[in-house]
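Asks: here are the coordinates; sequence isn't available:
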């Protein structure tokens, strides 16, 4: 066997694990689908810094915000599939926005890995006096105009589903990312908003209150607060942060990048890990490669059901 392996190595048919790892031939462009200063941007830039330090890759982060990540996705679709241009967004960029696009589809991309999950909440200012979703609904039925801050079509549809369920009307205010939604609440441009986790500091400070969890379970900051499912709304609007490349990336490039990212986000000493644990407890969520592609196909079907329910 040793002789056979030696012969194969001479023929170039056996490569050592170190040699088998894909390596970029130049800088990696990391396009960020949301604006500067938000949770996506902060996480992506920390990840880029640590990948550079650990792997020696040069990574250039660049914000390409707009359309819930679709501005970035449209550019990513046209980029070379050499592993040197990748995008950082959330799963709804790929499994929801593509349903409403004539230019993008789920099959246009190579799915690399997720990094973290959300803490998706329905939020209000603490000075509203509302403690629960029931309080907001009662106010709406009593004549209070509800202005709901969101950052994209999927969460706007989610707000419509909540409104339909309770028989109230909501007005939508489109913000730039989760941070923009919080800014709209603080500035009193809206009185209800979505938060994916970046609300942690304002909730802890007592400035904002969580009216309901939009995840499958109560949120870490509000363990006794009901979920939307508890109210009979059969949807979860939680999301995951993820990276993708153009369609046609090699499996070697995809898996090498996914492995490098997992090493960073799962390392308790890393800056990225600490940020994720703080902002999106309980911590990292890593689903990679084919498993991630299958997960996105399943959530695409669920989002199609959501759109059908909104249109009824």
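Replies: Looks like it arrived, so ask away. Being a predicted model, the structure only gives us computed values, none of them experimental.
Asks: List the neighbours of stretch 29-42 that are in contact with it.
Replies: Among residues not part of stretch 29-42, those counted as contacts by Cβ atoms under 8 Å, 6 or more residues apart in numbering are 44-45, 48, 59-65, 68-73, 75-76, 79, 84-90, 93, 151, 176-180, 196-198, 241, 275, 279-280. For glycine as for every other residue, the C-beta is placed from the backbone atoms N, C-alpha and C.
Asks: Filter those down to the buried ones.
Replies: For the contacts of stretch 29-42, a burial check counting by 16 or more other Cβ atoms under 10 Å picks out 44-45, 48, 59, 61, 63-65, 68-73, 75-76, 84-90, 93, 151, 176-180, 196-198, 241, 275, 279-280.
Asks: what does the model give the closest residue in space to residue 262 that isn't next to it in sequence for pLDDT?
Replies: In space, not counting the residues next to it along the chain, residue 262 is nearest to residue 286; the distance is 5.1 Å by Cβ to Cβ, 6 or more residues apart in numbering. You'll see residue 286 listed with a pLDDT of 98.
Asks: which ones are touching residue 286?
Replies: Going by Cβ under 8 Å, 6+ apart, residue 286 touches 113, 114, 115, 261, 262, 265, 266.
Asks: Of all pairs in those, which one is the farthest apart?
Replies: Across those, the longest distance by Cβ to Cβ is 11.9 Å; it joins 114 and 266.
Asks: Tell me which of the two has more neighbours.
Replies: More crowded of residue 114 and residue 266, by other Cβ atoms under 10 Å: residue 114, with 26 against 15.
Asks: Before we go further, the more buried one is sitting in a helix, right?
Replies: No: checked against DSSP: H, G, I helix; E, B strand; the rest coil, residue 114 lies outside a helix; its state is strand.
Asks: what's it in contact with, if anything?
Replies: Shown in contact with residue 114 (Cβ under 8 Å, 6+ apart): 91, 240, 241, 242, 243, 285, 286, 287, 288, 292.
Asks: taking these one by one, which sit in strands?
Replies: The strands, defined by DSSP state E, take in 240, 241, 242, 243 from the contacts of residue 114.
Asks: between these, which is closest to residue 309?
Replies: Distance to residue 309 across those (Cβ to Cβ) is lowest for residue 240, with 22.1 Å.
Asks: got the residue ranges for the helices in the stretch 151-300 of the chain?
Replies: Taking DSSP state H, counting those that start in this stretch, the helices of the stretch 151-300 of the chain run over residues 153-166, 177-186, 200-204, 251-265, 271-279, 289-311.
Asks: Okay, domains of the chain per the record?
Replies: Per automatic domain parsing, the structural domains of the chain span 24-118+239-311, 121-231.
Asks: With adjacent residues omitted, what lies nearest to residue 63?
Replies: Excluding the flanking residues, the one nearest residue 63 by Cβ to Cβ, 6+ apart is residue 32, at 4.9 Å.
Asks: Pick the one among the contacts of residue 114 closest to residue 120.
Replies: Taking Cβ to Cβ as the measure, residue 120 sits nearest to residue 240 out of those, at 10.6 Å.
Asks: Pretty sure that closest one sits against residue 91.
Replies: Yes: with contact taken as Cβ atoms under 8 Å, residue 240 and residue 91 are classed as touching, separated by 4.9 Å.
Asks: Beta-bridge partners for the residue nearest the centre of the chain, please?
Replies: The residue lying closest to the centre of the chain (Cα atoms, centre = their mean) is residue 90, at 2.6 Å. Bridge pairing for residue 90 (DSSP bridges) gives the partners residue 241.
Asks: what's the spacing between it and residue 71?
Replies: Distance of residue 90 to residue 71, computed by Cβ to Cβ, to the nearest Å: 14 Å.
Asks: What count of nearby residues applies to residue 255?
Replies: Count around residue 255 with other Cβ under 10 Å applied: 17.
Asks: again with residue 229
Replies: For residue 229, the neighbour count with other Cβ under 10 Å is 16.
Asks: same check, this time on residue 133
Replies: Using other Cβ under 10 Å, the number of residues around residue 133 comes to 24.
Asks: now swap in residue 107 and tell me
Replies: Using other Cβ under 10 Å, residue 107 has 9 other residues around it.
Asks: quick one, what contacts it?
Replies: Applying Cβ under 8 Å, 6+ apart as the definition, the contact partners of residue 107 turn out to be residue 247.
Asks: Check residue 26 too.
Replies: Contacts for residue 26 were tallied using Cβ under 8 Å, 6+ apart; they are 58, 84.
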